[in-house]
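Asker: test case, fold it:
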Amino acid sequence: METTLIQHRRKSIILCSRATRSAGFIILAAAGALAVWAIAVPVLGAPLTVSFGPTPIQVVTPAAVAATAAGAGLVGWGLLATLTRTFRNGRTLWKATAMAVLLLSLAGPLTAGTTVGVKAALALMHLVVAAVLVTSLPRWTGPREPGKAAEHASWPGTSSGAVRHPAG
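Answerer: A predicted model of the protein is given here:
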C-alpha cells in the first residue's frame, strides 16, 4: 500500500510539473512580446500607437502587451486542456484553432496600426506569442494519451478517486 501512495505522489508531482511548465511558457510568450516592444519603442524610437475607427489614438504600453499575451495564453491553455480531455485528436483541433485565431488576430495590427513600422511591430508581437504557445503548450497540457484523464484524477487501482490508506 505504501507503494500506491508513493506512485500517486509521483503522479501529482508530474501533474504539477506540467502545470508549472505550461505557466512558464505563457510567461515566456509574454516576455517575448515585451522584448519586441522593448526593441521597437526604446531602441528604435518608434512609438507604438493604434487607432480603432473614430476613437483617439492610443499608446500601446508594456502592461497592455504583457496582459494581452498572458490572457491569450491562459485562454489557449484552458481550451487546450478541454479539447485534449474531450476529443481523441484534441491537440490537433487546438493547433488548427490556434492558427485560425492567429490569422484573425493579425487583422488588429494591420488595420489599427498607425504606421507601417507600428503595424510590423504589433504583428511581430502576435507571431512571437503564437510561436511560443503553439509549439510549447501542446507538449505539457492534458493527458498524454486519449482517455487518460480519469486515470490522472484517481488513485491507482481505484476508479472513483477514493483515497486508499495503508493498512495499519
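
Asker: how about the strand or helix carrying T135: buried residues?
Answerer: T135 belongs to helix 116-140 when assigned by DSSP states H and E. Across helix 116-140, burial judged by 16 or more other C-beta atoms under 10 Å covers 118-130, 132-134, 136-138, 140. Bear in mind the C-beta positions are built from the backbone N, C-alpha and C, glycine included.

Asker: and it, what does it pack onto?
Answerer: Applying 3 or more C-beta pairs under 8 Å, 6 or more residues apart in numbering; DSSP states H and E, we find helix 116-140 packed against helix 2-38, strand 49-50, helix 62-86, helix 90-105, helix 107-112.

Asker: what about 6 Å?
Answerer: helix 2-38, helix 62-86, helix 90-105, helix 107-112 (3 or more C-beta pairs under 6 Å, 6 or more residues apart in numbering; DSSP states H and E).

Asker: closest to P47 out of those helices?
Answerer: helix 2-38 (11.1 Å; C-beta to C-beta).

Asker: tell me the contacts of the residue nearest to the spatial centre of the chain?
Answerer: The centre of the chain sits closest to G73, judged by C-alpha atoms, centre = their mean, with a distance of 3.0 Å. Counting by C-beta atoms under 6 Å, 6 or more residues apart in numbering, G73 touches 26, 29, 133.
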